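Novice: predicted coordinates and the sequence they were generated for:
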Amino acid sequence: MILLPQIMIQIVGAGGGIIIDLEKQMLLPDTMIQIAAAAGHSGASVTFKLGKMMLLPDTMLRVAAAGRGRVIFDIN
């Protein structure tokens, strides 16, 4: 299922954990940071599945920092 980024932010902000497959759901780095920040505030868990996608280390660091320990990068 593909959700709009704003819906993902609302779900995570309400405390719901989500797994986002970045091969199926294209997100800008700023959107990933917003989702991660919502998780950091609500305590929800967010997993970004990379698959064959590549993220710059700087992007991963910014997303992780925004999530305050609530973000997982699945790099398999």
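Specialist: Cool, the structure landed.

Novice: which pLDDT value goes with residue 35?
Specialist: We have a pLDDT of 98 for residue 35.

Novice: identify the residues contacting the strand or helix carrying it?
Specialist: Using DSSP states H and E, residue 35 falls within helix 29-42. With C-beta atoms under 8 Å, 6 or more residues apart in numbering as the test, helix 29-42 has contacts from 5, 8-9, 12-15, 17, 20, 27, 44-46, 48, 55, 59, 62-64, 66-71. Backbone N, C-alpha and C define where each C-beta goes, glycine included.

Novice: go ahead and build a ChimeraX selection from the buried members of those residues.
Specialist: What follows is the ChimeraX syntax selecting those of those that are buried according to 16 or more other C-beta atoms under 10 Å:
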select :5,8,9,12,13,20,27,44,45,46,48,55,62,63,64,66,67,70,71
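
Novice: which positions within the helix holding residue 35 qualify as buried?
Specialist: Residues of helix 29-42 classed as buried under the neighbour-count rule (16+ other C-beta under 10 Å) are 31-40, 42.

Novice: that helix: what's the following helix or strand?
Specialist: With secondary structure assigned by DSSP H and E, helix 29-42 is succeeded by strand 46-49.

Novice: who's in contact with residue 49?
Specialist: Taking C-beta under 8 Å, 6+ apart, one finds 19-23, 74 in contact with residue 49.

Novice: who does it form a beta bridge with?
Specialist: residue 21, residue 74 (DSSP bridges).

Novice: can I get the contacts of residue 49 in JSON lines with pLDDT and distance to residue 1?
Specialist: Output for those, formatted as JSON lines (pLDDT from 0 to 100; distance: C-beta to C-beta, whole Å):
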{"residue": "19", "pLDDT": "97", "distance to residue 1": "11"}
{"residue": "20", "pLDDT": "97", "distance to residue 1": "11"}
{"residue": "21", "pLDDT": "96", "distance to residue 1": "10"}
{"residue": "22", "pLDDT": "96", "distance to residue 1": "15"}
{"residue": "23", "pLDDT": "95", "distance to residue 1": "14"}
{"residue": "74", "pLDDT": "97", "distance to residue 1": "18"}
